[in-house]
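> Okay, here's the prediction I keep looking at, along with the sequence it came from:
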Amino acid sequence: MVAFIIALVVIMIVLLAALAIMAVSIYNQLVKLRNRYENSFAQIDVQLKRRYDLIPNLVETAKRYMKHEQETLQAVTEARNMAAKANQQAAGQPGEPEAMKKLSQAESGLSSALGRLFAVSESYPDLKANENMMQLSEELTSTENKVAFARQAYNDAVMNFNIAREKFPNNIFANLFNVGPAELLEIEKPEEREAVKVEF
């Protein structure tokens, strides 16, 4: 009888140790995947900041030629400021659903405002021929492409994290450790999934 109790205690200890090892392993995997998507967001953050830095120069260059389009230029500036603020909040908590939705909405608004600016600028041939404007437009196009690639890398990392989090038994430990799902960075309107078209 004593041997049976000792064997039962040993089995219980081994099972508890295995469970603890599994919990630590799952937690570490989730931490690793969370760090990957946070790093991916940091790459988006770098490109968005570059984009936000280009926009005031673009607006200043356009101002010299588009004196009757102050409303359009003001809309671009306001959209840029809103997007920069939303990006700053999202950078503090990448993957958090509300922050990512606000960033997505702000970026959609900025893309719309830039689209209007470039559509209106078609009426100003001197602006289109301006070397500074052409260079800024080229840099903006390049940055838009980098943002798209960085967003794809981030969304892939978030998807991997969410899949790992939702698998069994990971989902039990994720809930136990209060590890919630991460939010994708998606564009609000389908027509805005394309990069801003810059033509000069």
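Yes, it's here.

> what distance separates the longest helix that the chain contains from the centre of its chain?
Longest helix in the chain, counting residues (DSSP state H): helix 2-63. In terms of Cα atoms, centre = their mean, to the nearest Å, the centre of helix 2-63 is set 16 Å apart from its chain centre.

> do stretch 54-65 as well
For stretch 54-65, the distance to the chain centre is 26 Å (Cα atoms, centre = their mean).

> just stretch 154-163 next, same as before
With Cα atoms, centre = their mean, you get 12 Å for stretch 154-163.

> swap in stretch 105-124?
20 Å.

> Stretch 158-175 now?
21 Å.

> so how far is the first residue of it from its last?
With Cα to Cα, to the nearest Å as the measure, stretch 158-175 spans 17 Å from end to end.

> Buried residues in it, which are they?
158, 161-162, 164-165, 170, 173-174 (16 or more other Cβ atoms under 10 Å). Quick note: C-beta positions are derived from backbone N, CA and C, even for glycine.

> can you list contacts of it?
Contact partners of stretch 158-175, identified using Cβ atoms under 8 Å, 6 or more residues apart in numbering, comprise 22-23, 26-27, 29-30, 33-34, 36-37, 40, 95, 179-185.

> buried stuff in stretch 106-123?
106-118, 120-121.

> out of the contacts of stretch 158-175, which are buried?
26-27, 29-30, 33-34, 36-37, 40, 95, 179, 182-185.
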